[in-house]
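Q: okay, predicted coordinates and the sequence, questions at the end:
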Amino acid sequence: MTSCSRLFFLALFVLQETTLAEYVKTKRSTVAPVGAEVLTVGVIGDYGWTGWEPSPPHFCLEVLPELEAAGVVIPNEVLNDCDPGDITYINNATVLQLDTSAYVGQICAMKNCTAFVSVGDNFYDSGIDFTTGGILRFQEAWVDMYTQGVFENAPWYQCLGNHDVVKGQSGIDFQTQVAPIYDSRWNFGTQGLPYWTYDLTGSDWTATFVVVDSDCFLSSYQKNTSVYMNSYTEACYADKQTQVDFLAAAFGNSTATWKFLQLHHPYISSTTNETDLAPLMEIVIQHNGIVLNGHDHCLAHYYANNTNFILSGAAGYPQAGDCNYGISLGSYVKFLAANPMTAASGFVTMDISSQSINVEYYVRDMQFENGDLYPVPYDLNPSYSFQITEHST
């Protein structure tokens, strides 16, 4: 479907007064194949930089302070689009997303990845919503970015990150309700909600994935000073028990061989352990589950409380500090793709079968014109791997 026909289609059903939430239930998404002995998926996060345009320096440095001094209430999106750190990253981040998408495609063509699992921050710096600008960003930063080769027919099982919620409910609605209609590869369930569950099914195994919006659990996002505080995060924070109960029910009702919690923020980290996520982790531990997350812009493997935590947040702009510059903080740290100069771009693959999950970390050689910040002798091989053999309960 062309961009113009997509826009016409979206406008048509809106004019017919069919609500998005009702309509999305009728759509059939592209899904992973069923019945394979081994199914390979890519885990990818923190990637969506392309197409973001920060506010002009004159506004951020001169006009904005004057408005704040005058007591003008500044929308969160405007504040976020003046973030000085992200403004310095944007040019390199766009190039790194492009290069890393090609790298992911190359690895996944070799490994026959049949699906991708997202751990959020799909669109920097302030998400997208149901406007022409949001549609254009979605087309540029995701549809066109991940369209060639192995990406062409592979489904993406989606999750929200903190940058995705800056616009509030309108941003949530776009990613959970509009995007699955715009492109059938974009999976976000059929209920138009930011939390959902799905199964991947092999010849003699099943893997249950439960997606939650971890933005709804962080008390720090409830402060007036946070750009992530809005009516959406305020309401879902007050109702966060709903997502806890959803996870408990989904895991409790599942007889799957493997059970995954898929979310954005890290409970275990080299920077900030988000302890507000503890109620979710108690359920994961009870069922011998596995945690997939992003947020920290690097690749890492942590093992704590008999639980594997797989961090894959390096598909956009990697940051060494998020993995403590490659320095382990304790025995729970099993792998960090970082050094004192940089973190490496890359992603994680999981080869899922009835007997094991083979987890491989693909770390891209960070060769630039003036040197190699993160040398990888042969980056078509995994830099680190481990196996999970103990089934979920």
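A: Here it is on my side, so go on.

Q: which residue lies farthest from the center of the protein?
A: Each residue of the chain has a distance to the centre, and by C-alpha atoms, centre = their mean the biggest one is for residue 70: 37.5 Å.

Q: confidence score at it?
A: Note on residue 70: pLDDT of 91.

Q: what does the one 4 residues further on give?
A: Predicted confidence (pLDDT) at residue 74: the value is 86.

Q: where in the stretch 1-150 of the chain is pLDDT low?
A: 1-21, 24-27 (pLDDT under 70).

Q: mind listing the residues bridging to residue 385?
A: Here residue 385 sits in beta bridges with residue 360, going by DSSP bridges.

Q: just the element for residue 334, please.
A: Counting by DSSP states H and E, the element that carries residue 334 is strand 333-336.

Q: C-terminal to that strand, what's the next element?
A: Taking DSSP H and E, what comes next after strand 333-336 is strand 346-352.

Q: next, the angle from the longest helix seen in the chain to strand 346-352.
A: Ranked by number of residues, the top helix in the chain under DSSP state H is helix 84-111. Angle of helix 84-111 versus strand 346-352, following axes from the mean of the first three to the mean of the last three C-alpha atoms, to 10 degrees, is 40 degrees.

Q: buried sites along helix 84-111?
A: In terms of neighbour count (16 or more other C-beta atoms under 10 Å), helix 84-111 has its buried residues at 86-87, 89-90, 93-94, 96-97, 100-101, 103-108, 111. For glycine as for every other residue, the C-beta is placed from the backbone atoms N, C-alpha and C.

Q: coming back round to it: and the strand holding residue 334, how far out from the chain's middle?
A: From the chain centre to the centre of strand 333-336 is a distance of 20 Å (C-alpha atoms, centre = their mean, to the nearest Å).

Q: show me what counts as buried in stretch 138-158.
A: 138-139, 141-143, 145-146, 150-151, 154-158.

Q: with stretch 335-354 instead?
A: 335-339, 342-353.

Q: try stretch 244-264
A: Buried residues in stretch 244-264 (16+ other C-beta under 10 Å): 246-248, 250-251, 254, 256-264.

Q: closest one of those residues to residue 66?
A: Distance to residue 66 across the buried residues of stretch 244-264 (C-beta to C-beta) is lowest for residue 264, with 34.5 Å.

Q: since we're on residue 296, how many residues are nearby?
A: 27 (other C-beta atoms under 10 Å).

Q: for it, give me the backbone phi and psi.
A: Dihedral pair for residue 296: phi -70, psi 130, per degrees, to the nearest 10.

Q: list the contacts for it?
A: Applying C-beta atoms under 8 Å, 6 or more residues apart in numbering, one finds that residue 296 lies in contact with 266, 269-271, 311, 313, 319, 322-323.

Q: can you pull out the helices in this protein?
A: Assigned by DSSP H, the helices in the chain fall at 3-15, 20-24, 57-58, 64-69, 76-80, 84-111, 132-138, 169-173, 179-182, 231-238, 240-253, 278-286.

Q: wait, which of those is closest to residue 35?
A: Between residue 35 and the helices of the chain, the shortest gap by C-beta to C-beta is with helix 84-111, which sits at 18.4 Å.

Q: check which helices and strands that closest one is in contact with.
A: strand 39-44, strand 346-352, strand 357-363 (3 or more C-beta pairs under 8 Å, 6 or more residues apart in numbering; DSSP states H and E).

Q: and the angle from the longest helix of the chain to strand 357-363?
A: Using the same axes, to 10 degrees: helix 84-111 against strand 357-363 is 120 degrees.

Q: how far does helix 84-111 sit from the chain's center?
A: The chain centroid and the centroid of helix 84-111 are separated by 14 Å under C-alpha atoms, centre = their mean.

Q: can you state the direction angle for that helix and strand 39-44?
A: Using the same axes, to 10 degrees: helix 84-111 against strand 39-44 is 170 degrees.

Q: which helices and strands sit right next to the strand holding residue 334?
A: Where contact means 3+ C-beta pairs under 8 Å, 6+ apart, strand 333-336 is packed against strand 299-304.

Q: ok, the strand it packs on: who's next to it in the sheet?
A: When DSSP bridges is applied, strand 299-304 pairs with strand 307-312 (antiparallel), strand 333-336 (antiparallel).

Q: and that strand, how far from the chain's centre?
A: That offset, for strand 299-304, works out to 17 Å (C-alpha atoms, centre = their mean).

Q: buried stuff in that strand?
A: Buried residues in strand 299-304, counted by 16+ other C-beta under 10 Å: 299-302, 304.

Q: if you average pLDDT over that strand, what comes out?
A: pLDDT averaged over strand 299-304 gives 98.

Q: re the thing from before, now render the buried residues of strand 299-304 as a markdown table, adding distance to residue 195.
A: Formatted as a markdown table, the buried residues of strand 299-304 follow (distance: C-beta to C-beta, whole Å):
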| residue | distance to residue 195 |
| --- | --- |
| 299 | 25 |
| 300 | 24 |
| 301 | 25 |
| 302 | 23 |
| 304 | 24 |
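
Q: pretty sure residue 181 sits against residue 23.
A: Yes - between residue 181 and residue 23 there is a contact under C-beta atoms under 8 Å: 7.0 Å.

Q: need the overlap of contacts for those two.
A: When C-beta under 8 Å, 6+ apart defines a contact, no residue borders residue 181 and residue 23 alike.

Q: hmm, back to that, got TSV for the helices of the chain, with distance to residue 368 too?
A: Below are the helices of the chain laid out as TSV (distance: least, C-beta to C-beta, whole Å):
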stretch	distance to residue 368
helix 3-15	34
helix 20-24	43
helix 57-58	26
helix 64-69	33
helix 76-80	28
helix 84-111	10
helix 132-138	27
helix 169-173	34
helix 179-182	33
helix 231-238	38
helix 240-253	42
helix 278-286	38
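
Q: torsion angles phi and psi at the residue nearest the centre of the chain?
A: Closest residue to the average C-alpha location of the chain: residue 120 at 1.9 Å, with C-alpha atoms, centre = their mean. Residue 120 adopts backbone torsions of phi 100, psi -180, taken as degrees, to the nearest 10.
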